[in-house]
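Student: pasting a predicted model and its sequence here:
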Amino acid sequence: MTLGLVFMGIGLVWLPFRKQIARLQYLAASQMFGRKVDFSESKPHHEAGTTTDEERIRGFEMLGVFFCSVLIVGGLLIVVLSLIFRPPWAGAYLGDPVLAVVGAFLILSALGLYLMRHLMARAGVEGWAWLPEGAQFKTYKHQLAWSKLAAGIVAVAGLVFLGVFLWPG
């Protein structure tokens, strides 16, 4: 249950600061790839240099909202399942059934990511279009490989949870 509360806390703290975090992420990514940005950190969101900059910052912000919602919903799910399977008033602790449910949830999420790999790769190509011409990172093939890797990482995390659940103890 504590893990669920921590997830919800992180998501709720991240949510109000998502715009500032998105601006900083955009600045860091732009500087990392040597792209000149024509706005400063102190300007508000609506005064960003160009419409393209605003759209990119908005994309980073929406990604932050997605992660916040995943943390909050995942934390809530963990808390609810721990109350159902191991209620604190029964003297039990967060146990194996929750690990199995979390593992299954992660594996299903990985399956969803894998099925959406082409959509994610196309979005990645469009999102990194500002990179210099010839950059391998912005090719569809490269983005597709990274999409598969993202799905694989989530699936492995799910398998680890299921492995801990099934480990003879």
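Tutor: It's in. Given the structure is predicted, the values throughout are model-derived calculations rather than measurements.
Student: what are the structural domain limits within this protein?
Tutor: The chain breaks down by automatic domain parsing into domains covering 1-94, 95-169.
Student: is it possible to get a markdown table of the ones you listed that adds mean neighbour count?
Tutor: For every residue, glycine as well, the C-beta is placed using N, CA and C. Shown next, in a markdown table, are those (neighbours: other CB atoms under 10 Å):
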| stretch | mean neighbour count |
| --- | --- |
| domain 1-94 | 14 |
| domain 95-169 | 15 |
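Student: lowest average pLDDT across the ones you listed?
Tutor: Lowest mean pLDDT within these: domain 1-94, at a mean of 74.
Student: was I right to think residue 59 contacts residue 127?
Tutor: Yes - the pair residue 59 / residue 127 is scored as a contact, 6.3 Å apart, by CB atoms under 8 Å.
Student: center of this protein, which residue is that?
Tutor: Nearest to the geometric centre of the chain sits residue 67, at 4.4 Å (CA atoms, centre = their mean).
Student: what about that residue, distance to residue 22?
Tutor: Separation of residue 67 from residue 22 (CB to CB, to the nearest Å) stands at 11 Å.
Student: next: residue 156.
Tutor: Taken as CB to CB, the span from residue 156 to residue 22 is 28 Å.
Student: one more: residue 73?
Tutor: For residue 73, the distance to residue 22 - CB to CB - is 20 Å.
Student: before we move on, what about residue 165?
Tutor: In terms of CB to CB, residue 165 sits 36 Å off from residue 22.
Student: for residue 33, same thing?
Tutor: 17 Å.
Student: same thing with residue 110?
Tutor: Counting by CB to CB - residue 110 and residue 22 are separated by 26 Å.
Student: could you do residue 13 as well?
Tutor: 15 Å.
Student: same deal with residue 107?
Tutor: 30 Å.
Student: any idea which helix or strand carries the residue nearest to residue 113 when sequence neighbours are not counted?
Tutor: Of all residues not flanking residue 113 in the chain, residue 151 sits nearest, at 3.9 Å (CB to CB, 6 or more residues apart in numbering). Using DSSP states H and E, residue 151 sits within helix 140-166.
Student: tilt between the helix or strand residue 105 falls within and helix 140-166?
Tutor: For residue 105, the host element (DSSP H and E) is helix 96-115. Counting by axes from the mean of the first three to the mean of the last three CA atoms, to 10 degrees, helix 96-115 lies at 170 degrees to helix 140-166.
Student: which helices and strands does helix 96-115 pack with?
Tutor: helix 51-85, helix 140-166 (3 or more CB pairs under 8 Å, 6 or more residues apart in numbering; DSSP states H and E).
Student: can you tell me which of the ones you listed is nearest to residue 18?
Tutor: helix 51-85 (4.1 Å; CB to CB).
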